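Peer 1: Got a predicted model here, sequence first, then my questions.
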Amino acid sequence: MSFLNSRKVSWIIFGITLLTAVVSLFFLPDIIPVHFGILGTPDGWDYKMGILLFPILLIFLLFLTGRKSKDFMFRFARTPLNSIQYNWAVDGLLLFIFFVEIWIITEAFRYR
C-alpha cells in the first residue's frame, strides 16, 4: 500500500502519458481537433505536435508539486492534507490530464 501512496505513481502516470503521446504521433493526422463547442463539434484545430503539450504540462506539475511546495501548503492551509492525501490529489490531477489527452487522440481519429 505504501507504493500507491508514494510519488512513484505520479511518475508512472507521467511515463504512460509521454509514451502515449509519442506513439500517437506516428498515427495521428497532421491536423487534430483540440477544442470543442457546446454541441461537441470541433472548433479549434492544431498540429499533431501539440499532443506533446500534455507530457510537458505533467512534468511541469510534477516539479511544481514537489517537496517544498507541499510543506508550504501544509503550513498555511486551514485543513492541511497529510502526505497520502496530497499524493492522491496530485495523482488525480495527472490522471485527469492523461484522460483529456486520450480523449483528444480518439477525437482526432473520429474527425479524420
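Peer 2: Everything's here; your move. Numbers count the residues shown, from 1 in each chain.
Peer 1: what's the offset of the biggest helix by length in the chain from the middle of its chain?
Peer 2: Across the chain, the longest stretch assigned as helix under DSSP state H is helix 83-110. On the basis of CA atoms, centre = their mean, to the nearest Å, helix 83-110 sits 4 Å off its chain's mean C-alpha point.
Peer 1: same question, stretch 2-14
Peer 2: Once both centres are worked out by CA atoms, centre = their mean, stretch 2-14 turns out to sit 14 Å from its chain's centre.
Peer 1: and it, how far apart are its ends?
Peer 2: Stretch 2-14 has an end-to-end distance of 19 Å (CA to CA, to the nearest Å).
Peer 1: Buried residues, that stretch. List them.
Peer 2: By neighbour count, with 16 or more other CB atoms under 10 Å as the criterion, the buried positions of stretch 2-14 are N5, R7, V9, S10, I13, F14. Quick note: C-beta positions are derived from backbone N, CA and C, even for glycine.
Peer 1: now swap in stretch 27-41 and tell me
Peer 2: In terms of neighbour count (16+ other CB under 10 Å), stretch 27-41 has its buried residues at L28, I32, P33, V34.
Peer 1: Show only the entries of the buried residues of stretch 2-14 found in helices.
Peer 2: Assignment to helices by DSSP H places the following of the buried residues of stretch 2-14 there: V9, S10, I13, F14.
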